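Novice: Generate a structure from the sequence data that follows.
(one chain, ligands or ions: 2)
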Amino acid sequence: MLSNVIATQAVHQKYGGVVPELASRAHQQNIIPVVEEAISNAKVNKNQIDAVAFTRGPGLLGSLLVGTSFAKGFALANKLPLIEVNHMQAHILAHFIDDPKPTFPFLCLTVSGGHTQIVIVRDYFDMEIVGETNDDAAGEAFDKTAKILGLPYPGGPLIDKYAKEGNKDAFAFPEPQIPGLNFSFSGLKTAIMYFVRDRQKENANFLEENMADICASVQHRIITILLNKVKKAAKQYNIQDVAIAGGVSANSGLRTALQAMADKQQWRVFIPAFQYCTDNAGMIAIAGYHKYLKQDFVGQDIAPLARMSF
Ligand code: KG4
Ligand code: ZN
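Specialist: Ligands and ions are numbered 1, 2, ... in the order given. A predicted model of the protein is given here:
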């Protein structure tokens, strides 16, 4: 990996979430400087580049359009082949950037701001989703909880930070009983909302006085919901190689809890380096590289997709 430049979009903090129109405008402003910086950091000339990989979906259409249009223009101008990449597959394929790399088949829990999936990965592009969320994603559960607690967006990293100083057993939040390998997080959000409302009636400073304990308890519940299903899936599919991916895989509690479960279950676990957990260009590049090896290119008529399965 020669360079992996990320432009953070600070604009979303102001509104407590991603505003689609503002996100695509920020993409437009950032894309040329970011590509220039990436090429400069990598110390390569444009004529040394063999192909352009871009995110086709799933995601916010406006932002995807900016990336797709830029990739098409860049490919056309530099006479390069184009490679489309699925964002969720790329999160998983980030495991093939550095060693140790997982061997097929392995199981991956992919947890981001928009998705929560248990995926059986049989080959680079042979993946099957065997479990997913019925409502909110795990990252959304973190972000919405943060909002209820008065913390800025994105809430995941902040809850993680407070949780480190809190007692995870201070407050008990419900674990939903969802059949099979699917998830649900919307009930948890509602439970937290009523919990905070009721406690604040008794003590106006409840949040300030208990922030660390609340964060630790909520994070603990999200982690147990996720890992109980991972354990079930690993048994059901008889797989001992387990990975996590996506923005929420940066969560220190999840990383520690997965490692502890792995020691007990005798799994081999794969936890991505922090820089490859939240959205990054490196993961799109590694997915693009494996498609490049197969010469799997697309034409200039390609369009982005807000929804996209494997
Ligand atoms: O994969 P990602 O960067 O973007 C999407 O594809 O959605 O994931 C973003 C999500 C956000 O919900 C954010 O709060 C969460 O990942 N996140 C975390 C942590 N870092 C990012 N959640 C919990 N703990 C973290 N340390
Ligand atoms: Zn993502």
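
Novice: remind me which residues of this protein are low pLDDT?
Specialist: In the predicted model of the chain, no residue satisfies pLDDT under 70.

Novice: In space, what's closest to the most centrally placed residue in the chain - neighbours in sequence excluded?
Specialist: The central residue of the chain, meaning the one whose C-alpha is nearest the mean C-alpha position (C-alpha atoms, centre = their mean), is G246 at 2.4 Å. Counting by C-beta to C-beta, 6 or more residues apart in numbering, the nearest residue to G246 once its immediate chain neighbours are dropped is S112, at 3.7 Å. (C-beta placed from N, C-alpha, C; glycine too.)

Novice: Number of residues surrounding the residue of the stretch 101-250 of the chain found nearest ligand 2?
Specialist: Per C-beta to the ion, the residue of the stretch 101-250 of the chain with the smallest distance to ligand 2 is S112, at 4.1 Å. S112 sits with 23 neighbouring residues when counted by other C-beta atoms under 10 Å.

Novice: Isn't it up against A137?
Specialist: Yes. Between S112 and A137 there is a contact under C-beta atoms under 8 Å: 6.4 Å.

Novice: what does this structure have sitting close to ligand 2?
Specialist: For the chain, the contact set with ligand 2 under C-beta under 5 Å from the ion comprises 112, 279.

Novice: now do 8 Å
Specialist: Taking C-beta under 8 Å from the ion as the criterion, the chain approaches ligand 2 at residues 59, 87-88, 91, 112-115, 246-247, 278-279.

Novice: Neighbours of the residue of the stretch 151-300 of the chain found nearest ligand 2, how many?
Specialist: Among the residues of the stretch 151-300 of the chain, D279 lies closest to ligand 2, at 4.3 Å counting by C-beta to the ion. D279 is flanked by 17 other residues according to other C-beta under 10 Å.

Novice: Who are the contact partners of it?
Specialist: Contacts of D279 were listed using C-beta atoms under 8 Å, 6 or more residues apart in numbering, and they are 6, 87, 112, 247.

Novice: Just give the nearest non-adjacent residue to the second one, would you?
Specialist: This means H87. Per C-beta to C-beta, 6+ apart, closest to H87 is T55, 5.1 Å.

Novice: Next up, phi/psi of the one you found, please.
Specialist: For T55, the backbone dihedrals (degrees, to the nearest 10) come out as phi -80, psi 120.

Novice: quick one: it from P304, how far?
Specialist: Going from T55 to P304 by C-beta to C-beta, to the nearest Å gives 8 Å.

Novice: Could you do E37 as well?
Specialist: The gap separating E37 from P304 is 23 Å, by C-beta to C-beta.

Novice: The two: which has the busier surroundings?
Specialist: Set side by side, E37 and P304 show unequal neighbour counts under other C-beta under 10 Å, the larger going to P304 at 23 against 14.

Novice: In contact with the more buried one, which residues?
Specialist: With contacts defined as C-beta under 8 Å, 6+ apart, the neighbours of P304 are 55-57, 59, 61, 64-65, 67-68.

Novice: For M127, see how far away the residue of the stretch 101-250 of the chain closest to ligand 2 is.
Specialist: Here S112 is placed at a distance of 15 Å from M127 (C-beta to C-beta).
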